[in-house]
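Asker: sequence unknown, structure follows:
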């Protein structure tokens, strides 16, 4: 079982991630990224845009069970983060969480 919080922190520290909704939407629109992580309180409009573009680009979305403030804390940032995109996972096993945490046909709530 993958500890999502620990895996996210490792990805932030050793890999390459984009923090924030604007950068994430642009990245997913270009088909870049291996995984998108959405905080529980991510704005609906952002969630819908990312769900649409991620589906087109075949990039999985992993819902984070905490708030944007909690996601920011997990990433070691002193501010809220509603969305992050993993470009390179580094030494993290976050990509294994995709298969363990959600079935392949799971969808983000719209």
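Answerer: Structure's in. What do you need? On a predicted model such as this, the values are computed, not experimentally measured, just so you know.

Asker: pretty sure residue 97 is in a helix, no?
Answerer: Yes: judged by DSSP: H, G, I helix; E, B strand; the rest coil, residue 97 forms part of a helix.

Asker: list the residues that contact it.
Answerer: The contact partners of residue 97, by CB atoms under 8 Å, 6 or more residues apart in numbering, come to 2, 4, 7, 62. C-betas here are computed from N, CA, C, even on glycine.

Asker: could you check how far it is from residue 50?
Answerer: Remark: distance between residue 97 and residue 50 (CB to CB, to the nearest Å) = 17 Å.

Asker: check residue 93 too.
Answerer: 23 Å.

Asker: tell me the least confident of the contacts of residue 97?
Answerer: Least confident entry in the contacts of residue 97, by pLDDT: residue 2, with 75.

Asker: tell me if I'm right that that one and residue 93 touch.
Answerer: Yes: in terms of CB atoms under 8 Å, residue 2 counts as a neighbour of residue 93; the distance is 5.5 Å.

Asker: hang on, the earlier thing: can you flag which of the contacts of residue 97 belong to strands?
Answerer: residue 62 (DSSP state E).

Asker: quick one: the contacts of residue 97 as CSV, columns for distance to residue 27 and neighbour count too.
Answerer: What follows is the contacts of residue 97, written out as CSV (distance: CB to CB, whole Å; neighbours: other CB atoms under 10 Å):
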residue, distance to residue 27, neighbour count
2, 23, 16
4, 20, 19
7, 19, 21
62, 15, 21
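
Asker: quick one: the contacts of residue 97 as a markdown table, columns for distance to residue 17 too.
Answerer: Shown next, in a markdown table, are these (distance: CB to CB, whole Å):
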| residue | distance to residue 17 |
| --- | --- |
| 2 | 16 |
| 4 | 14 |
| 7 | 12 |
| 62 | 13 |
